[in-house]
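Undergrad: Next one to model:
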Amino acid sequence: MWNLNFAPPIVIEARVLTRMPAELRRAVRTDWAEANKPGQLVDCFLEGPTFDANGVLHVTDIPHGRLFRITADGTWELVAETGGWPNGMALHVDGSLWIADYRRGLLRCECATGKIDTMLAHRNSEAFRGLNDLCFDARGNLYFTDQGQSGLHDPSGRVYRLEPDGRLDLVVDNVPSPNGIALTADGSVLFVAVTRANQVWRAPVMADGSISKMGAFRTFFGTSGPDGLATTPNGGLIVAHASLGGAFVLNARGEITHFIRSPAGQTVTNVAIRPQTSSVVMTESHSGSILEAELR
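TA: Predicted coordinates for the structure are as follows:
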């Protein structure tokens, strides 16, 4: 059931904004491809669309460890190489981009120079399983997912909260593949994309930053599941689905009101809202495309 009035969602056709240029693609074997796309030469796999303080779009290329900016005229510029597998990104109040890197942990990138700093490589000397995505609240607390290879067979994925003073708290530790993560504008509700369970989980955030009564907000289907998330100003949620060819728009009750359909492939992994607009930007990772649509 899509929603309580039994009407189908409104379908919005996205367009291809840009594709990674051929000269930047690397058709070489990588450890990431061997683990995640066995037998394939993955020349790029884009995720993490994030706008910097100047409104310029940045994306990550996971298997080749790269961070790119895409200028207003569609030019792709290499910003940095992390030496790992960079995935989700989030804009810090100081203008830097923080990166969830599967291999290297939590990183920070100065957009102007491309300088990479390691902010957190482990917890109490124990390595992370493999970071995936992250988001800041209004007070500067950072929530991030530690996904690794967890799933329904091994529901041990974790969500952490890092406070500005460096305190690190384990928020939840039994998630079967925690992926995208997002907060409502007022920081009162936390959403986590649980890829291998094909669900989005929802939890109220308490005054001390802990969560309570986490439950399944929406359940999907498909060979993969929900990936990146973005909250809307009216309390809704946009869910990129990595095997269903688009992104679902949910209202505050979890009803599907719109579906943003990809014209370029089925692997829609991450989503972001262009600042001060109703424009939704998505990554179609298999083709190395950036998609855009107007949410109406």
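
Undergrad: Every contact and neighbour count from this point should use C-alpha atoms.
TA: Noted.

Undergrad: Now do the contacts for residue 136.
TA: By C-alpha atoms under 8 Å, 6 or more residues apart in numbering, the contact set of residue 136 is 90, 91, 92, 142, 143.

Undergrad: Please apply the same query to residue 248.
TA: Applying C-alpha under 8 Å, 6+ apart, we find residue 248 in contact with 238, 239, 240, 241, 256, 257, 258, 259, 260.

Undergrad: hmm, which of those are the buried ones?
TA: 238, 239, 240, 241, 256, 257, 258, 259, 260 (16 or more other C-alpha atoms under 10 Å).

Undergrad: what would those residues look like in JSON lines with secondary structure?
TA: As requested, these are arranged in JSON lines below (DSSP: H, G, I helix; E, B strand; the rest coil):
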{"residue": "238", "secondary structure": "strand"}
{"residue": "239", "secondary structure": "strand"}
{"residue": "240", "secondary structure": "strand"}
{"residue": "241", "secondary structure": "strand"}
{"residue": "256", "secondary structure": "strand"}
{"residue": "257", "secondary structure": "strand"}
{"residue": "258", "secondary structure": "strand"}
{"residue": "259", "secondary structure": "strand"}
{"residue": "260", "secondary structure": "strand"}
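
Undergrad: what two of those are the furthest from one another?
TA: 241 and 257 (15.2 Å; C-alpha to C-alpha).

Undergrad: List phi and psi for residue 33.
TA: Residue 33 adopts backbone torsions of phi -70, psi -40, taken as degrees, to the nearest 10.

Undergrad: Let me know the distance separating it from residue 26.
TA: Remark: distance between residue 33 and residue 26 (C-alpha to C-alpha, to the nearest Å) = 12 Å.

Undergrad: Neighbour count: the two, which is higher?
TA: When residue 33 and residue 26 are compared for neighbours, residue 33 comes out ahead with 20 against 14, by other C-alpha atoms under 10 Å.

Undergrad: My guess is the more buried one contacts residue 63. True?
TA: Yes - using C-alpha atoms under 8 Å, residue 33 is in contact with residue 63, at 6.7 Å.

Undergrad: Need the residues touching each of those two.
TA: Going by C-alpha under 8 Å, 6+ apart, residues that sit against residue 33 and also against residue 63 are residue 42.

Undergrad: what touches both of residue 33 and residue 26?
TA: Common neighbours of residue 33 and residue 26, using C-alpha under 8 Å, 6+ apart, are residue 42.

Undergrad: For residue 196, give me phi and psi.
TA: phi -70, psi -20.

Undergrad: mind checking how far it is from residue 21?
TA: Distance from residue 196 to residue 21, counting by C-alpha to C-alpha: 32 Å.

Undergrad: For the two, indicate the residue with more neighbours.
TA: Counting neighbours by other C-alpha under 10 Å for residue 196 and for residue 21 shows that residue 196 has the greater number, 24 against 11.

Undergrad: pLDDT score assigned to that one?
TA: Model confidence at residue 196, given as pLDDT, is 97.

Undergrad: who are the neighbours in contact with the nearest residue to it once chain neighbours are set aside?
TA: Closest residue to residue 196 apart from its sequence neighbours, by C-alpha to C-alpha, 6 or more residues apart in numbering: residue 151 at 5.2 Å. Applying C-alpha under 8 Å, 6+ apart to residue 151 gives the contacts 157, 175, 176, 177, 195, 196, 197.
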